[in-house]
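Participant: Structure for this input, please:
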Amino acid sequence: MQLSLSNTRKEIKPHGSYEFPFLASNEVLSSYERGSFSWHWHPEIELTLFLSGDMEYQVNDRVYHMQAGDGLFCNTNALHTGRMLDGGDCSYFSITFLPRLISGFEGSLIHTRFLEPVLTSARLSSLSLSPAVAWEREAIERLRNIRRLFLHPSVTYELDIQRELSAFWQTLYQNVTMELQPAGEHAVREAERLRAILDYLHSNYQEKITLEDVARHVNISRSECCRFFRKHMKLSLFDYLLSYRVEQSLPLLRDRELSVTQIAEQTGFGGSAYFAKIFKKEMGLSPSQYRKNEVP
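Facilitator: Next comes the predicted model:
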């Protein structure tokens, strides 16, 4: 399994409905190929309750080691990914919702006073929550309440969910006032630059891409492009590109319509030998072995 994403890495699937923009689900990291879910973003806020195991969770340039009992707040439109630690699995409960589920409508007093300062804060793209801290423990308990409602919905389910989300937000807002500084022009420009680089890579991965091509696309030097990408993504630009190419090859291998050589060419590797080398490094087996294991 893997997420359905646009070229800009926006998650395509609906998160609830227009009438009730809320989605919750129990997840297991091993259900995703390679034990990780891809970099993506969405306009919904995401809250995560970690149930068992560990996970390395990254939001923009912040990397968290999450453990059972922890919680995590991921702000609207933030890029995020999660991956296994040392091959161990992790189960977690995911909650996504649009801010208007709490505020009622954009421009309302509740939205302007209590939501917008958090949504636009330069320092609050994400926040980890630990049961060792009193207020964070209270916030985590709200996530547990939402999971209980999800597992055993009542006749007033939607009202109960809205109440718990509002209580979570009140706890969050009251304890992060020092972080409520609007994103400055520099932070906005950096976010836009990173999106532009990722969009370029995802739109052109089938072709030969040079560092000069990417740097020119965002109007910076090659050295600055390398530094900037590593700072935000915690890996080199070309390691990311190779990993993305492997990810795009997986459905083609399962489909069986193309040969391994053709798939190598279609995913930007050029030759099958180089494709096989990188694929084995990423997946632990050859493309042919993967195809044999995945296709009856």
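Participant: Helices of the stretch 151-296 of the chain, start to end?
Facilitator: Counting by DSSP state H, counting those that start in this stretch, the stretch 151-296 of the chain has helices at residues 157-175, 185-204, 211-217, 222-233, 237-255, 260-266, 272-283, 287-294.
Participant: Which neighbouring elements make contact with the last one?
Facilitator: This means helix 287-294. Other elements packing on helix 287-294 under the criterion 3 or more CB pairs under 8 Å, 6 or more residues apart in numbering; DSSP states H and E are helix 237-255, helix 260-266, helix 272-283. Glycine gets a C-beta too; all of them are placed from N, C-alpha and C.
Participant: possible to save those helices as CSV with mean neighbour count and distance to residue 173?
Facilitator: CSV is the format used below for the helices and strands packed on helix 287-294 (neighbours: other CB atoms under 10 Å; distance: least, CB to CB, whole Å):
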stretch, mean neighbour count, distance to residue 173
helix 237-255, 18, 35
helix 260-266, 18, 49
helix 272-283, 17, 41
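Participant: which residues of the stretch 101-250 of the chain score low on pLDDT?
Facilitator: Where the stretch 101-250 of the chain drops to pLDDT under 70, the residues are 178-186.
Participant: What is the three-state secondary structure of residue 105?
Facilitator: coil (DSSP: H, G, I helix; E, B strand; the rest coil).
Participant: any idea how far it is from residue 161?
Facilitator: Distance, residue 105 to residue 161, by CB to CB, to the nearest Å: 18 Å.
Participant: Please apply the same query to residue 230.
Facilitator: With distances taken as CB to CB, residue 230 is found 40 Å from residue 161.
Participant: Which one's more surrounded, those two?
Facilitator: Remark: of residue 230 and residue 161, residue 161 carries more neighbours, 21 against 15, as counted by other CB atoms under 10 Å.
Participant: Wait, the more buried one touches residue 146, no?
Facilitator: Yes - at 6.3 Å, residue 161 and residue 146 qualify as touching, with contact defined as CB atoms under 8 Å.
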